[in-house]
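Novice: Sequence and predicted structure are below.
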Amino acid sequence: AQRVTQPEKLLSVFKGAPVELKCNYSYSGSPELFWYVQYSRQRLQLLLRHISRESIKGFTADLNKGETSFHLKKPFAQEEDSAMYYCALSPRGYQKVTFGTGTKLQVIP
Amino acid sequence: EAGVTQFPSHSVIEKGQTVTLRCDPISGHDNLYWYRRVMGKEIKFLLHFVKESKQDESGMPNNRFLAERTGGTYSTLKVQPAELEDSGVYFCASSQVTVVNTEAFFGQGTRLTVV
């Protein structure tokens, strides 16, 4: 069975502070890992995926297969980063996505 | 280009009534997915259409839920009869069919409240 765990429901940081949103997963094969974001009053949207190895809006996420983690990081938080963040996985080659419970990031001015 | 649209945005119904949610995917997207987020819990997969065919409906909670996608365009999700535990936000997403994973685009969701 595939499972995504986000241990923090709420993460509050000050503007300019580093951010790390934790995500651990369990899956027997080689999954695709994603981070989705939902800003206030906007729809859920893809932030980044591990296969792209890209940085979006200053965020990066490294897949650690040994620790089965895919933590989302940003060195300096901005107020506009405040949103709900969902870690997600899907089997490689198939787009059925399993989501974590989400972490609300609150950036304090 | 229009994104994924869902109707209605909110629905409040009484227990035992029927509700039909609609999703219009992005034009040309053959993949269509339904998800649900019940209060305080994770977003859960319900089912997946490829064009008009149900590819995977393993997430459908019970036979009170019926999803259709006649003609492979828009999709409907009907709940009949609705129960209190059906309350939540229902999301639809669509994507193109390719050999590798591509981005799924989400609708704004329908908030269903069963009272």
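Specialist: Okay, I see it. Residues are numbered from 1 along each chain as shown, chains lettered A, B, ... in the order given.
Novice: low pLDDT regions in chain B?
Specialist: Filtered on pLDDT under 70, chain B yields the residue ranges B:1, B:97-102.
Novice: which parts of it sit against chain A?
Specialist: Residues of chain B that fall close to chain A, judged by C-beta under 8 Å from any C-beta of the partner chain: B:3-4, B:31, B:33, B:35, B:41-45, B:48, B:56, B:91, B:93, B:95, B:99-109. For the C-beta atoms, the positions are set from N, CA and C on the backbone; glycine is no exception.
Novice: Could you double-check that residue A:58 lies in contact with residue A:80?
Specialist: No. Residue A:58 lies out of contact with residue A:80 (C-beta atoms under 8 Å); the separation is 10.5 Å.
Novice: Which of these two has more residues huddled nearby?
Specialist: residue A:58 (13 against 10; other C-beta atoms under 10 Å in any protein chain shown).
Novice: excluding its backbone neighbours, what's nearest the more buried one?
Specialist: Among residues not flanking residue A:58 along the chain, residue A:74 sits closest, at 5.0 Å (C-beta to C-beta, 6 or more residues apart in numbering or on different chains).
Novice: number of nearby residues for that neighbour?
Specialist: Other residues near residue A:74 come to 22 when the count uses other C-beta under 10 Å.
Novice: what are the phi and psi angles of residue B:89?
Specialist: For residue B:89, the backbone dihedrals are phi -110, psi 130 (criterion: degrees, to the nearest 10).
Novice: Contact partners for it?
Specialist: When contacts are counted by C-beta atoms under 8 Å, 6 or more residues apart in numbering or on different chains, residue B:89 touches B:36, B:37, B:109, B:110, B:111, B:112.
Novice: can you rerun that using 6 Å?
Specialist: For residue B:89, the contacting residues are B:37, B:109, B:111, by C-beta atoms under 6 Å, 6 or more residues apart in numbering or on different chains.
Novice: ok, now how distant is the residue nearest to residue A:58 from chain B?
Specialist: Noted for residue A:74: a distance of 21 Å to chain B, by C-beta to the nearest C-beta, to the nearest Å.
Novice: From what I see, that residue and residue A:59 are in contact.
Specialist: Yes. Using C-beta atoms under 6 Å, residue A:74 makes contact with residue A:59 at a distance of 4.9 Å.
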